[in-house]
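Participant: Return atomic coordinates for the entry below.
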Amino acid sequence: MFRFFTFKSPLTLTSGIFLPVLGIVMTDEATATKETEFKECLELCEKGVNMCRIKAGHLLPSRNVYVEDQKWLCYHSDMCWKFVPLKLKSGNGHFSVNIDDILEIRKGFSSDNLHKASKKYSFREKVTAEMCLSVILIHRRMLHKSIDFAAENSSVRDKFVKGLQYLVDKRNQKHVYFDEERWLLDNFRKADINKNGRLTFDEVLKLLKTLNLQISNEYAHALYTLTDSFGKNDGQLDESEFINFFYHLTDRPDLKHVMRMFSATNDPALSIFDLKTFLTTEQQVKKDFISGLYLQFGDINEKKVASIIDNFETVKQDVKILGPIGFRWLLLGEWGNIMKPGHERVFQDMDHTLSHYYVNSSHNTYLTGLQIKGEATVEGYINALKKGVRLLELDVFDGEEGEPCITHKRTFIKTITLQDALKEIDVYAFKTNPYPVILTIENHVGLPQQKAMSRIFKEVLGDKIYMRPENGASQPLPSPNALKNKYLLRGKKLRAERGLDRKSDQDIDKKVQNNSENKDIKLDPEFSQLISLPSVKLSNNIFKDIDEHPMDGSSSLSERKIANYMESGYSLAAYTSKRFVKSFPKGLRQDSSNMDPIPSWLCGIQSVAMNMQTTGEYLDLVNGLFRTNGNCGYVLKSKTLIDGLDPRMPEVSSSVVTTMLVGVGYFYTTVISGQYLPTISQANDVIDPYVTIEIFGIPADSRKFRTKTIRNNGFNPQFNETFTFPLHFPDFALLRFCVKDFDSTSANDFVGEFTIPVKSIRAGYSHIRLNTGNLRTVDECASLFIRVAFE
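Facilitator: Numbering: from 1, shown residues only. The predicted structure is shown next:
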């Protein structure tokens, strides 16, 4: 039966202009003022302003920079114009940058290019920091690129930045929860070439193809005609008619099946009682008796359920009933989130000693590409901090004009100054996250510039540097809470205390070390005092090391050594339960590939240094672990590892399961369907998707399954397969879903993935938002519909 609905998505903002989340409650008058202010800034952006582009430290002639269709940032470029792809051209010799590709807009001297330019007196005579802005983009080679401009004055600059930032914030809001109606309207407007607010049948067919939907022309035309007859009956579809057409075209039998299971009448419609039963029994939205806290949804009573129906139901009627489309929207939002409510915020005890946490850590943070050539850049540090990384690496060398610099030794990497790097680190370190940042210092600096290095650290970071107390060697490290807004410097320190090694244990595989560089580097006493995590070296007897090493000593282990420990069955857990250890990739990984973090984590190693610019399965695991606990960069280790026990030992893992308040034992996941999976090839061929489901953890728990392949359907493939995972040590188990495009003649292409700790999974039905593309960004619409159950 065809029903014509009046749609108003519960996630769609209804005011005339999108207002970014400001963290405050505004009155109607304040909201109106803000709307007017944003509107004026947007109008300025669309009209354009004259700005000078700054390139290679030089000011180019002033040109108009403007925003087109609230989607494209357009600026003049003379660079090889005839070779520029058509999609990047905007006419009149302008480049067009998609707003979706903008990562950030900055003010002042805040990019590598502007840092270098600002050191020239001739440049500073013409340009001040108050005139400058930088647009940071996703580069085609997965690097970050800045486009730098100088406006006529700070007022013009600020208004242009505010308007452009508004558009970026509006884009970012799309990635919180999937607003299907807004997404459809965006696609409708893209398909509406002549901008008349109507789509012909041919335009609709072309749109469906871009959405990866394969359907017969006859069926689509029949539904198109029927939809039009219920609307204006003018041979075209407006926005409301198109949404009706689309929802009838993409009917979700998988969701209707779930509704029938919980409906007292066995219909795809849920009463207040039916929906309450579904939410409390299947979705387990109820009081968390283990923690003694109500989850974010609060107590689910009939009044609450009635308000949920009012919010999501599209057809308003006297009897409160939730229909298929309302149910669809319900599970596309927070009610269908796979993560336990509250786990997206900081929920763990942050008062343990620092050694009891895993720490999100980066390797060669200053790089955004390969280790052989390219350039060191502040973008590496900024990008890492914005992702939640809390351990950064600084390879410091003697620089020009007596100023220490950061680079990668024995390579062609261009340098950045230590001061520029520290200034940008300090801008972003505690912007959204108060927990401590650890700076690992690879000190290759001679004594004269070490004095300069000490001065620079003090001038830039000041009293935010954590100074090691006199009893630091005999006391456990402070907690993340106690170290809020503090920097801990990790590196070589003068041998003033028992247990400190004379030799460097820096992160370079012995096989690629140059013996001439193993000599001791003399340390400046003033700089040595800034080190609060002094380097120590593990011997072949960790129990001797436990007795002799200072409590705040920190060792580094290569990927190869970790593998040797795992193969030998030798446990490091007794040592890592009390001291901070970092693992790093073997030196032969010159391609910046990543190491497997699981062996290090099972040893209790807190810091697994990852190349943040290199995506793949191993970095997915790191992002999956740290997406919980508010993405603050600290995740509490299991009690087993905190107690210094090896979770791989059967007697340990079995005792954990039997003594848990909620023993997992068996974990079941059903992959039901996929929605709006993106095409991979440039030809936009329809994909043949399949899903792999894998548990990463102790060897006894590690398992991998895959679904069948669904031919020629990336739009709504139906899998309906259930997989069983016995879990011996659920305290440390990561679940990863990975969608690939099957290809019988070559490697299967990556489509999207999602990784999450098992202990953070909420039972019930969920739509998993997939991370797609080379940068693993949360896709606006691609998802898997799954069910999870524990036994």
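Participant: Quick one: classify residue 383 as helix, strand or coil.
Facilitator: Three-state call for residue 383 (DSSP: H, G, I helix; E, B strand; the rest coil): helix.
Participant: what's near enough to touch it?
Facilitator: Shown in contact with residue 383 (Cβ atoms under 8 Å, 6 or more residues apart in numbering): 144, 368, 612-613. Every residue, glycine included, has its C-beta placed from N, CA and C.
Participant: try it again with 10 Å
Facilitator: Residue 383 makes contact with 103-104, 136, 143-144, 362, 365, 368, 377, 389, 428, 612-613, according to Cβ atoms under 10 Å, 6 or more residues apart in numbering.
Participant: Then residue 346?
Facilitator: Neighbouring residues of residue 346 by Cβ under 10 Å, 6+ apart: 433-435, 480, 628-632, 634.
Participant: ok so, going back, let's see which of the contacts of residue 383 end up in helices.
Facilitator: With helices defined by DSSP state H, the entries of the contacts of residue 383 inside them are residue 428.
Participant: what about the helices in the stretch 501-650 of the chain?
Facilitator: 525-528, 542-548, 559-568, 573-576, 597-602, 617-626, 639-642, 650-659 (DSSP state H, counting those that start in this stretch).
Participant: which of the ones you listed is buried the deepest?
Facilitator: Of the helices of the stretch 501-650 of the chain, the one with the most neighbours on average (mean count of other Cβ atoms under 10 Å) is helix 597-602, at a mean of 23.
Participant: what's the offset of that one from the middle of its chain?
Facilitator: Computed by Cα atoms, centre = their mean, to the nearest Å, the chain-centroid distance of helix 597-602 equals 21 Å.
Participant: What of stretch 599-607?
Facilitator: That offset, for stretch 599-607, works out to 22 Å (Cα atoms, centre = their mean).
Participant: Same question for stretch 585-601.
Facilitator: Here the centre of stretch 585-601 is set off from its chain's centre by 20 Å, with Cα atoms, centre = their mean.
Participant: please begin residue numbering at 56 from this point
Facilitator: Let's use 56 as the start, then, which means that last one is stretch 640-656.
Participant: Kindly check the end-to-end length of it for me.
Facilitator: Start and end residues of stretch 640-656 are separated by 14 Å (Cα to Cα, to the nearest Å).
Participant: Show the average pLDDT along that stretch.
Facilitator: For stretch 640-656, mean pLDDT rounds to 87.
Participant: just stretch 225-236 next, same as before
Facilitator: Stretch 225-236 comes out at a mean pLDDT of 76.
Participant: Check which residues of the strand or helix carrying residue 244 are buried.
Facilitator: Using DSSP states H and E, residue 244 sits in helix 235-246. For helix 235-246, a neighbour-count test (16 or more other Cβ atoms under 10 Å) marks 235-240, 242-243, 246 as buried.
Participant: now for that helix, which elements pack on it?
Facilitator: Counting contacts by 3 or more Cβ pairs under 10 Å, 6 or more residues apart in numbering; DSSP states H and E, helix 235-246 packs against helix 256-265, helix 294-304, helix 379-387, strand 832-845.
Participant: can you give me how far the next helix or strand after the first one is from the chain middle?
Facilitator: Remark: after helix 256-265, the chain's next helix or strand is helix 272-285, criterion DSSP H and E. Relative to the centre of its chain, helix 272-285 is centred 41 Å away, using Cα atoms, centre = their mean.
Participant: Next: stretch 658-673.
Facilitator: Centre-to-centre, stretch 658-673 and its host chain are 14 Å apart (Cα atoms, centre = their mean).
Participant: again with stretch 532-543
Facilitator: Worked out by Cα atoms, centre = their mean, stretch 532-543 lies 24 Å from the chain centre.
Participant: how far does that stretch stretch from start to finish?
Facilitator: Terminal residues of stretch 532-543 lie 11 Å apart, using Cα to Cα.
Participant: Show me what counts as buried in it.
Facilitator: 532-535, 538, 541-543.
Participant: try stretch 182-192
Facilitator: In terms of neighbour count (16+ other Cβ under 10 Å), stretch 182-192 has its buried residues at 182, 186-192.
Participant: Please dump these into TSV; it should also carry pLDDT and distance to residue 358 for every row.
Facilitator: Below are those laid out as TSV (pLDDT from 0 to 100; distance: Cβ to Cβ, whole Å):
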residue	pLDDT	distance to residue 358
182	94	60
186	96	56
187	97	54
188	96	50
189	96	50
190	95	48
191	93	47
192	88	48
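Participant: For residue 732, state which of those residues is nearest.
Facilitator: Nearest to residue 732, judged by Cβ to Cβ, of these is residue 192 at 26.0 Å.
Participant: What's the separation between that closest one and residue 832?
Facilitator: Separation of residue 192 from residue 832 (Cβ to Cβ, to the nearest Å) stands at 14 Å.
Participant: picking up where we left off before, need the contacts of residue 401 in TSV with pLDDT and distance to residue 322, can you?
Facilitator: Converted to TSV, those look like this (pLDDT from 0 to 100; distance: Cβ to Cβ, whole Å):
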residue	pLDDT	distance to residue 322
488	96	48
489	98	51
490	98	50
535	98	51
683	96	38
684	97	41
685	95	41
686	96	41
687	98	45
689	99	48
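Participant: min pLDDT across the contacts of residue 438, which one?
Facilitator: Of all those, residue 198 carries the smallest pLDDT score, 64.
Participant: Restricted to strands, list the buried residues of stretch 182-192.
Facilitator: Residues of the buried residues of stretch 182-192 located in strands (DSSP state E): 187-192.
Participant: for the residues you listed, which one is nearest residue 660?
Facilitator: Distance to residue 660, by Cβ to Cβ, is smallest for residue 191 among these, at 32.6 Å.
Participant: Touching, residue 827 and residue 742? I think so.
Facilitator: No: using Cβ atoms under 10 Å, residue 827 is not in contact with residue 742, being 11.8 Å away.
Participant: neighbour-wise, which of those two wins?
Facilitator: Using other Cβ atoms under 10 Å, the more surrounded residue of residue 827 and residue 742 is residue 742, with 28 against 21.
Participant: Mind listing residues that contact stretch 175-183?
Facilitator: 107, 109, 112-114, 163-164, 169, 171-173, 203, 205-206, 208-209.
Participant: Next, give me the two most distant ones among these.
Facilitator: Spatially, the most separated pair among the contacts of stretch 175-183 is 171 and 208, at 23.4 Å (Cβ to Cβ).
Participant: which of the two has more neighbours?
Facilitator: Each of residue 171 and residue 208 has its neighbours counted (other Cβ under 10 Å); residue 171 has more, 16 against 11.
Participant: and the gap between the more buried one and residue 439?
Facilitator: Distance of residue 171 to residue 439, given as Cβ to Cβ: 21 Å.
Participant: got it, and residue 513?
Facilitator: Residue 513 is 23 Å from residue 439, by Cβ to Cβ.
Participant: between those two, which one's more packed in?
Facilitator: residue 439 (26 against 14).
Participant: one step back: would you turn the helices and strands packed on helix 235-246 into CSV with mean neighbour count and mean pLDDT?
Facilitator: Listed next are the helices and strands packed on helix 235-246 as CSV, based on neighbours: other Cβ atoms under 10 Å; pLDDT from 0 to 100:
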stretch, mean neighbour count, mean pLDDT
helix 256-265, 16, 90
helix 294-304, 21, 90
helix 379-387, 23, 93
strand 832-845, 19, 92
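Participant: Can I get these in JSON lines including distance to residue 788?
Facilitator: Putting the helices and strands packed on helix 235-246 into JSON lines (distance: least, Cβ to Cβ, whole Å) gives the following:
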{"stretch": "helix 256-265", "distance to residue 788": "39"}
{"stretch": "helix 294-304", "distance to residue 788": "38"}
{"stretch": "helix 379-387", "distance to residue 788": "25"}
{"stretch": "strand 832-845", "distance to residue 788": "12"}
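Participant: now the strand or helix carrying residue 496, how far from the chain's geometric center?
Facilitator: Applying DSSP H and E as the criterion places residue 496 in strand 492-499. When distances are taken as Cα atoms, centre = their mean, strand 492-499 is centred 24 Å away from the chain's centroid.
Participant: Please save the CA atoms from it in CSV.
Facilitator: The C-alpha coordinates for strand 492-499 follow below in CSV (Å, rounded to 0.1, in the frame of the first residue of the first chain):
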residue,chain,number,x,y,z
VAL,A,492,51.2,14.9,26.9
ILE,A,493,54.5,12.9,26.9
LEU,A,494,57.3,14.3,24.7
THR,A,495,59.9,11.7,23.8
ILE,A,496,63.1,13.6,23.1
GLU,A,497,65.6,11.9,20.7
ASN,A,498,68.6,14.1,21.7
HIS,A,499,71.2,14.4,19.0
